[in-house]
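Visitor: kindly return the folded structure for what I paste below:
(one chain, ligands or ions: 1)
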Amino acid sequence: MTDHYGNVKVQHGQMKPDGEEAEVEDDTEEQVPVSSPSASASPDPIITTTGTDASTSSNVCKRNGKSRVKPGRDDKNCSGNPSSNFHWSVVPPHAVKNVNSPRSGQQNLKIKGLGRILQGKSESNGNYASKTIQETRCEDGFRLSRRRPVTVDTSKAKTSLEALKLCIKQLKWKEFPLGRRAPCDIYWHGVSFHDTENIVSGQVNKFPGMVEMLRKINLSRAMRTMQELFPEEYNFYPRSWILPEEYQQFSAQIRLVKEKDTTVNTTFIVKPDGGSQGDGIYLIRDPSDLKPMVGSQAKQAVVQEYIPKPLLIDKLKFDIRLYVLIKSLEPLEIYIAKEGLTRFCTEPYQEPSQKNLSHVFMHLTNYSLNVHSGNFVHSDSQSTGSKRTLSSVLYRLAAKGVDIKWVWSDIIALVIKTSIAVVPELKVYYQADIPPGKPGPTCFQILGFDILLTKSLKPVLLEVNSSPSMRIEHEQEVAPGVFEYVPSPVDEEVKVGVIRDTLRLMDPLNKKSTPSPQLKAGGFEHGEEIPVDSESQGRNPDELENLPSLCLKQVYPKYSKEFNHLRLLERITALFIRFLGVKGNMRLGPTAFRTFIRTCKLSNSNFTMASVDILYIDITRRWSCAIPDSREAGMGLQAFVEAFFYLAGRRFKSLLLKEQVVSLLSLCEAQLGPPSSVEDRRSLSCSRALPRAVRTQTLCLPDPQSSSPASQRRAASHDYRLHQKHKPRTLRANVEN
Ligand code: ADP
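Guide: You can find the predicted model right below:
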């Protein structure tokens, strides 16, 4: 890990001088996704496509509308008919006019050949479970022949089911709609990792803890920590405050700004923590406009600076739904779908004013809200209507002279940085639910990133959905009061591609052995060739001949060199996990914290062990108030990070925060040496008598032997799902927005 920013740095909001060309390599294969140009779209077409136009495939596949209550559908007509077979080819960058290019003197990601990107490494998904597929097969007592179809348990797929079925058929894999007694290769869950309990092998399409990590408050906290360390690099997330705990700070800061400049009239958007699909969201201009919230759940919210000048198309505000695959946490592997969706408002946009604050069809792009507006346009075309493909929008921008490569590389940077912000805590969840050495599945997950483009083409992160909707049909009122589900070609075009290619990347029969050590260490060199072509390895070519090239493009570790320096929190997390001790635990007890301080030699005459205990109590107490529904006592990762920052600040006063943290990390890592084995970790568990100062705290600690935190969390997550059954609108699963 280095503190060096590298010579390729991505920054936002800078203007590139007119006429100056983007520093993107002239490679005609991997480019920004762009739509097939319609004859009328551009007088000077700069983008051409080859291959099968997916829109025709969607139309060929078109099914009859069905009534609302429907069992699994027979998709025979569409099987083996891939929804997309585009081969984008874009004219060289010099042909792209830079009329509106918002960047100046800015370096950018060098986007290289798609061919190389598609050469996935095919590892054992890392994810801490050291068990390889080969071992799993042996344990299961059967050998996988090359042609044995991959088995998929779809019993918990929920609203993804229709698209998933299509993909399984296209891949000629075997679906188990009711699950089966013997293990499956892949378990497709609709909500969370815990949809099926006690999976001991295979792969699950959800990571433990992802739902929790991506709730609005937790995401805001994770982004804020990164903003503290790297303010410039994380300026793509709007300034946010957590309610109710930061109400005073929010009010005071706004008052101060208004006192300084009375003309300033910033707008804020208030989002309930557990909300989705625009539920409960409203705009305010003054802290006193916050609605009093009742009920313990409703109290939690994020209030965020509202982006007043979004990019408009046809005078309408829109946002981007981008699909991202986290293929593995260790090593970190991230893929971005080249095709996504854009969701349009249904009322022409005006900058927020006291008069229009309540106009949801003007300010909120949620599909679930706008579909109820009389102006919503359902369209079979990908480039018109209220829901369009991302490529059609980018194409339209390109036709106007916008340098979409810059936009796309900024979007890639946003995705990688956001992932780096949430991965540390996910690792804590992961080791708690699937401890090293215990049988368990490995995980992957498709996330839905919601991104707004500002007028100056800067991508802003709105939120990340842990269970983006994979529905490929929408409800339509065919006669007054009569609703039917009808196919949605735009959804099918995008979502089937994302699921199918995720499955292809996760294909267990394509897997190679364990990752190379340098890969595990995150030391993948930028531009280094990934040796295995995941598309062709281990499969009978006949099986693949009808499939289009992958729509998922690897961005990490491909661009690791540009972003590795941001992964400081993962190093802090590695320390945290090392001292957690008890399997399944997610919180550090007071004695483990002392052990950490002692082992890393962080105490001295100026900072005694008594001060250490006070620090522990102080920070832990504050965080347990901030996370009131937490079931485990002790110091969580976020509290540990705060303690670490404090210790770093004490020790290296004269440095900037980031440098303080790097210095303390180096010091700790030098004291500890290489990570210990599971047994070493267990030997670090709290066995010493606790100091008097913290005895009261420890009285609350659950006995890890009798009731494991992981099982408590599972119970809690189960409670949550039961509770949500009665309130489906607030369920954060399968969020279409
Ligand atoms: P939900 O999960 O309820 O959809 P979001 O955070 O996605 O919540 O917000 C809903 C919508 O509000 C977004 O789709 C977007 O149109 C708008 N929005 C959210 N945050 C902002 C912001 N900071 N500035 C401008 N518009 C925003």
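
Visitor: residue 557 touches residue 332, doesn't it?
Guide: Yes. Contact between residue 557 and residue 332 holds when scored by Cβ atoms under 8 Å: they sit 6.9 Å apart. The way it works is simple: take the backbone N, C-alpha and C, and place the C-beta from them, glycine included.

Visitor: up against the ligand, what does this protein have?
Guide: 238, 269, 271, 275-279, 281, 304, 306-307, 319, 364-366, 450, 452, 462-463, 737 (Cβ under 6 Å from any ligand atom).

Visitor: show me which of those are buried.
Guide: Buried members of these, scored by 16 or more other Cβ atoms under 10 Å, are 238, 269, 271, 275-278, 281, 304, 306-307, 319, 364-366, 450, 452, 462-463, 737.

Visitor: from the residues you listed, which land in helices?
Guide: Assigned to helices by DSSP state H, none of those qualify.

Visitor: among those residues, which are in strands?
Guide: Members of those lying in strands (criterion: DSSP state E): 269, 271, 304, 319, 450, 452, 462, 463.

Visitor: show the contacting residues for the nearest residue to the last one once chain neighbours are set aside.
Guide: Counting by Cβ to Cβ, 6 or more residues apart in numbering, the nearest residue to residue 463 once its immediate chain neighbours are dropped is residue 450, at 5.1 Å. Under the criterion of Cβ atoms under 8 Å, 6 or more residues apart in numbering, the contact list for residue 450 reads 319, 320, 321, 322, 461, 462, 463, 464, 465, 737.

Visitor: how about these in CSV, adding pLDDT?
Guide: Putting the contacts of residue 450 into CSV (pLDDT from 0 to 100) gives the following:
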residue, pLDDT
319, 98
320, 98
321, 98
322, 98
461, 98
462, 98
463, 97
464, 98
465, 97
737, 52
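
Visitor: just flag the most distant two among these.
Guide: The largest distance within those, taken as Cβ to Cβ, falls between 461 and 737 and amounts to 13.8 Å.

Visitor: coming back round to it: can you list the contacts of residue 450 in a markdown table and add distance to residue 406?
Guide: As requested, those are exported to a markdown table (distance: Cβ to Cβ, whole Å):
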| residue | distance to residue 406 |
| --- | --- |
| 319 | 19 |
| 320 | 15 |
| 321 | 21 |
| 322 | 16 |
| 461 | 17 |
| 462 | 20 |
| 463 | 23 |
| 464 | 22 |
| 465 | 26 |
| 737 | 26 |
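
Visitor: nearest to residue 156, of the residues you listed?
Guide: If you rank the contacts of residue 450 by distance to residue 156 using Cβ to Cβ, residue 465 comes first, at 17.7 Å.

Visitor: quick check on the closest one: phi, psi?
Guide: The phi/psi pair for residue 465 (degrees, to the nearest 10) reads phi -100, psi 130.

Visitor: then the one 4 residues further on?
Guide: Summarising the backbone geometry of residue 469 under the convention degrees, to the nearest 10, its torsions are phi -60, psi 130.

Visitor: you'd agree it is up against residue 163?
Guide: No. Using Cβ under 8 Å, residue 469 is not in contact with residue 163, being 9.9 Å away.

Visitor: more neighbours: those two, which one.
Guide: Taking neighbours as other Cβ atoms under 10 Å, residue 469 and residue 163 compare with residue 163 leading, 26 against 23.

Visitor: contacting residues for the more buried one?
Guide: Listed by Cβ under 8 Å, 6+ apart, the contact set of residue 163 reads 470, 471, 472, 492, 495, 496, 499.

Visitor: count of residues packed around residue 549?
Guide: Other residues near residue 549 come to 17 when the count uses other Cβ under 10 Å.

Visitor: let me know the pLDDT of it.
Guide: What the model reports as pLDDT for residue 549 is 90.

Visitor: now residue 502: how far from the ligand?
Guide: Between residue 502 and the ligand the distance is 22 Å, computed by Cβ to the nearest ligand atom, to the nearest Å.

Visitor: wait, a helix at that residue?
Guide: Yes. Assigned with DSSP: H, G, I helix; E, B strand; the rest coil, residue 502 falls within a helix.

Visitor: just give me the neighbour total for it.
Guide: Considering only other Cβ under 10 Å, residue 502 is surrounded by 25 other residues.

Visitor: and the residue in the stretch 51-200 of the chain that the ligand sits nearest to, backbone torsions?
Guide: Per Cβ to the nearest ligand atom, residue 191 is where the stretch 51-200 of the chain lies closest to the ligand, at 15.4 Å. Backbone torsions of residue 191, given as degrees, to the nearest 10, read phi -120, psi -70.

Visitor: that one against residue 158, yeah?
Guide: Yes. Using Cβ under 8 Å, residue 191 is in contact with residue 158, at 7.0 Å.

Visitor: the stretch 251-400 of the chain: strands as residue ranges?
Guide: With DSSP state E, counting those that start in this stretch, the ranges of strands along the stretch 251-400 of the chain come out as 268-272, 282-284, 301-305, 312-313, 316-328, 333-337, 341-344, 387-389.

Visitor: tell me the contacts of residue 247?
Guide: Taking Cβ under 8 Å, 6+ apart as the test, what residue 247 contacts is 241, 287, 290.

Visitor: ok, the residues you listed vs residue 420, which is closest?
Guide: Residue 420 has its nearest neighbour among the contacts of residue 247 in residue 241, at 22.8 Å by Cβ to Cβ.

Visitor: so what's the closest one closest to, chain neighbours aside?
Guide: residue 250 (4.1 Å).

Visitor: which element is the one you found on?
Guide: Per DSSP states H and E: residue 250 is located in helix 247-260.

Visitor: buried stuff in that helix?
Guide: So helix 247-260, judged by 16+ other Cβ under 10 Å, has buried residues 250, 254.

Visitor: what average pLDDT does it get?
Guide: Averaging pLDDT along helix 247-260 gives 93.

Visitor: between that helix and strand 301-305, how many degrees?
Guide: Counting by axes from the mean of the first three to the mean of the last three Cα atoms, to 10 degrees, helix 247-260 lies at 20 degrees to strand 301-305.

Visitor: what does the residue lying closest to residue 334 once chain neighbours are set aside show for phi and psi?
Guide: Distance criterion Cβ to Cβ, 6+ apart; nearest residue to residue 334, sequence neighbours excluded, is residue 556 at 4.0 Å. The phi/psi pair for residue 556 (degrees, to the nearest 10) reads phi -140, psi 130.

Visitor: dump the residue contacts of residue 556.
Guide: Per Cβ under 8 Å, 6+ apart, neighbours of residue 556: 332, 333, 334, 416, 419, 563.

Visitor: against residue 415, how distant is it?
Guide: Using Cβ to Cβ, to the nearest Å, residue 556 is found at 9 Å from residue 415.

Visitor: list the strands paired with the helix or strand where residue 152 lies, with their directions.
Guide: Using DSSP H and E, the element containing residue 152 is strand 151-156. Within its sheet, strand 151-156 is paired with strand 174-176 (parallel), strand 186-189 (parallel), according to DSSP bridges.

Visitor: point out the most buried one among the ones you listed.
Guide: Most buried of the strands paired with strand 151-156 by mean neighbour count (mean count of other Cβ atoms under 10 Å) is strand 186-189; its value is a mean of 26.
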